[in-house]
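S.K.: Quick one: sequence and predicted model below, then my questions.
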Amino acid sequence: MPPLTTDQVLTFTRELLAASQAVVRGQIRCPESDHLGVMTILFAAKQVGHFETIHSLVGIGKNSDATILARVMLEGMSVLFWASNDPDDRAKKWRAYSLVFDLRLLRERQQSGMATSDDDEEALLVRLETEASVFLKSGRTDHQNPEAYRSRWHLDQSGKAVSISEMIASIDDPNLLPLYDALSNWIHWNVRGLAGGIQREGDHVRIAWDDSRDGSWALSAGFQATLLTMRALDRHFAMGQAQNFLNIRDRYVKAAVDAQAV
């Protein structure tokens, strides 16, 4: 959230990171049948891990590399929010797709000559037929074949795959999609991401990155993704930590507004 400097952003992101670590490193009661609960716990833990790495990367000046993880964090946040809009269907699909991964692994092991259990294979095939048929490609019924399944689990009610950009656009924040697109430049090796590293002297080129702004953007995006994911975790399990996270956010926003007013 420029125009705050990287050091100023770090003040708030460290605080959010510490509060988030305290939550995800504790035990959370979650029944096996709570598909969205399981999904939210795992997403929150992964977000915190990514946010820790962003701090490390920015700390050693690898600012552009930090944007890669920031982009991934926005993706995770958006997937979780999309699933939470229809938890009985979408979060269940997220978990059910693990059966497709299990089938792929089983066939790979069999093709390599590794010993596998007939009983385990039969149990997996039964579950695939009853729980994962929604992932079969159009016209396919051979649920024993990994190639019969679609490559994505995130499908709408009509069976159409939903893209990450569509998930981000569905969130009520007009700034998220432009931020996501901006963070994509470095990872996609496009000219907008790389050309800034060139300094030309006649016919000679010198590489000299000035990516300090990327560090601020990465921390800001990581802050937002972590905050919203942790709030989702707190809300789902009624942890009573919401006000703590909101206080950190409010002070961060106030500092950014004050900086813009200068």
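M.R.: Perfect, I can see it now. Numbering: from 1, shown residues only.
S.K.: in its sheet, what does whichever strand or helix holds Gln199 sit against?
M.R.: In this structure, Gln199 sits in strand 198-201 according to DSSP states H and E. Strand 198-201 pairs in its sheet with strand 204-207 (antiparallel), by DSSP bridges.
S.K.: With just CA atoms, put the partner strand into CSV.
M.R.: Extracted C-alpha coordinates of strand 204-207, given in CSV (Å, rounded to 0.1, in the frame of the first residue of the first chain):
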residue,chain,number,x,y,z
HIS,A,204,26.3,-1.9,-24.1
VAL,A,205,23.7,-3.2,-21.6
ARG,A,206,24.2,-3.2,-17.9
ILE,A,207,21.8,-5.1,-15.5
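S.K.: and the next element down the chain from it?
M.R.: Proceeding N to C from strand 204-207, the next assigned helix or strand is helix 212-237, under DSSP H and E.
S.K.: what's that following helix packed up against?
M.R.: Applying 3 or more Cβ pairs under 8 Å, 6 or more residues apart in numbering; DSSP states H and E, one finds that helix 212-237 makes contact with helix 6-24, helix 35-59, helix 63-84, helix 176-187, helix 242-261. Where C-beta positions appear, they are placed from N, C-alpha and C, glycine not excepted.
S.K.: Only the buried residues of the shortest one, if you could.
M.R.: Residues of helix 176-187 classed as buried by neighbour count (16 or more other Cβ atoms under 10 Å): Leu176, Leu177, Leu179, Tyr180, Ala182, Leu183, Ser184, Asn185, Trp186.
S.K.: now the longest one
M.R.: Neighbour-count burial for helix 35-59, with 16+ other Cβ under 10 Å as criterion, is recorded at 35-41, 43-45, 47-48, 50-55, 57-58.
S.K.: Of the buried residues of helix 176-187, just say which sits nearest to Ala232.
M.R.: Closest to Ala232 out of the buried residues of helix 176-187 is Leu176 (15.0 Å), distances taken as Cβ to Cβ.
S.K.: My guess is that closest one contacts Glu75. True?
M.R.: No - using Cβ atoms under 8 Å, Leu176 is not in contact with Glu75; the gap is 10.9 Å.
S.K.: tell me, what's touching these two both at once?
M.R.: Common neighbours of Leu176 and Glu75, using Cβ atoms under 8 Å, 6 or more residues apart in numbering, are Ile168.
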